[in-house]
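> model the structure of this input:
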Amino acid sequence: MENFDLGKISRDELYQLLSRANVAMVEYTRCFEMAEKVKSLERKKMDANNDFGSALTFYLIVVGILIFVGLFIVKIFVSLGILVGCYGTFWLYKLKKDSVNAQRLLNKFDVELPALEKKEKEEFDKFYAVIEPYKFPRDYWYEEAIATMLKFVENQRADNWRDAVNLYENHLYQVRMEENARKTFEEARKQTENAIQNRNASRWAEAGAWRR
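Numbers count the residues shown, from 1 in each chain. Alright, predicted model coming up:
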């Protein structure tokens, strides 16, 4: 297979490479997400079954203790046990319903999983076939990176690979800075709100003490 120096290809060649890589990566990402959705249904079903089993055990223990205590010590515990039992029955019904729904969804998609995983592999192989001759860096094997660099070339902001990478890294840095600024602002806002609440509480306490 012929290899190319990514740093020396022309702007048009870089545009064609990123275009083909972007199409292949979009298809691979779509297949990957669909396969992960099916796998998450299996985890959801297991979690629902575990929740139901734990709830059933806890329910039987609590109701049993309340009724036992009520029969031999205080009659009110019998009524309390029946009340808890009714609430627990509704709770268990809801958990069981969640488990059944999870199983129904899993049955619907489970037959598709082998085909999805096969399609996922095929789409990744297509992507790899596009970028492998150029030794495309692994750090940028994801949709956002490829699509953003393609946009830089498309808008004539980048004429070569080095320009595209530098612009994308600057873009990532700007995004991180904006996210950090947002988090800092939110934290400062919460601290200000807490300070105001504490100040008002202190004033109300002082006012109450003065009236007494």
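
> could you pull out the helices for this protein?
11-72, 76-110, 113-131, 143-154, 161-211 (DSSP state H).

> comparing those, which yields the minimum mean pLDDT?
Here the helices of the chain differ in mean pLDDT, and the lowest is helix 76-110 at a mean of 62.

> ok, now how distant is the nearest residue to His171 once chain neighbours are set aside from Leu18?
Spatially, and ignoring its direct neighbours in sequence, His171 is nearest to Thr148 (6.2 Å; CB to CB, 6 or more residues apart in numbering). C-beta coordinates here come from the backbone N, C-alpha and C atoms, glycine included. In this view, Thr148 and Leu18 are 10 Å apart by CB to CB, to the nearest Å.

> more neighbours: these two, which one.
Leu18 (28 against 17; other CB atoms under 10 Å).

> so who does that one touch?
Ile146, Met149, Leu150, Val153, Ala164 (CB atoms under 8 Å, 6 or more residues apart in numbering).

> need the residues you listed in CSV (columns: neighbour count and distance to Asn22).
As requested, the contacts of Leu18 are exported to CSV (neighbours: other CB atoms under 10 Å; distance: CB to CB, whole Å):
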residue, neighbour count, distance to Asn22
Ile146, 26, 5
Met149, 25, 9
Leu150, 20, 5
Val153, 23, 11
Ala164, 26, 12
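
> now, among these, which is nearest to Glu178?
Met149 (19.6 Å; CB to CB).

> distance of that closest one relative to Met25?
12 Å.

> sorry, back to before: determine which two of the contacts of Leu18 are furthest apart.
Ile146 and Val153 (10.8 Å).

> how close does Glu143 get to Phe127?
In terms of CB to CB, Glu143 sits 10 Å off from Phe127.

> same question, Pro137
With CB to CB as the criterion, Pro137 and Phe127 are 14 Å apart.

> so which of these two has more stuff around it?
Applying other CB under 10 Å to Pro137 and Phe127 shows that Phe127 carries more neighbours, namely 23 against 12.

> and that one, what does it touch?
Ala21, Ala24, Met25, Glu27, Tyr28, Trp141.

> what is the burial count for Met118?
Quick fix: residue 118 reads Lys, not Met. Counted with other CB under 10 Å, Lys118 comes out at 12.

> list the contacts of it.
Per CB under 8 Å, 6+ apart, neighbours of Lys118: none.

> re the thing from before, any common contacting residues for Glu143 and Phe127?
Contacts common to Glu143 and Phe127, judged by CB under 8 Å, 6+ apart, are Met25.

> picking that back up, could you dump the contacts of Leu18 to TSV with distance to Arg182?
Compiled in TSV, the contacts of Leu18 are given as follows (distance: CB to CB, whole Å):
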residue	distance to Arg182
Ile146	26
Met149	25
Leu150	27
Val153	29
Ala164	27
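
> for Leu17, which non-adjacent residue is closest in space?
Counting by CB to CB, 6+ apart, the residue nearest Leu17 is Tyr134, at 6.2 Å.

> perfect, that will be all.
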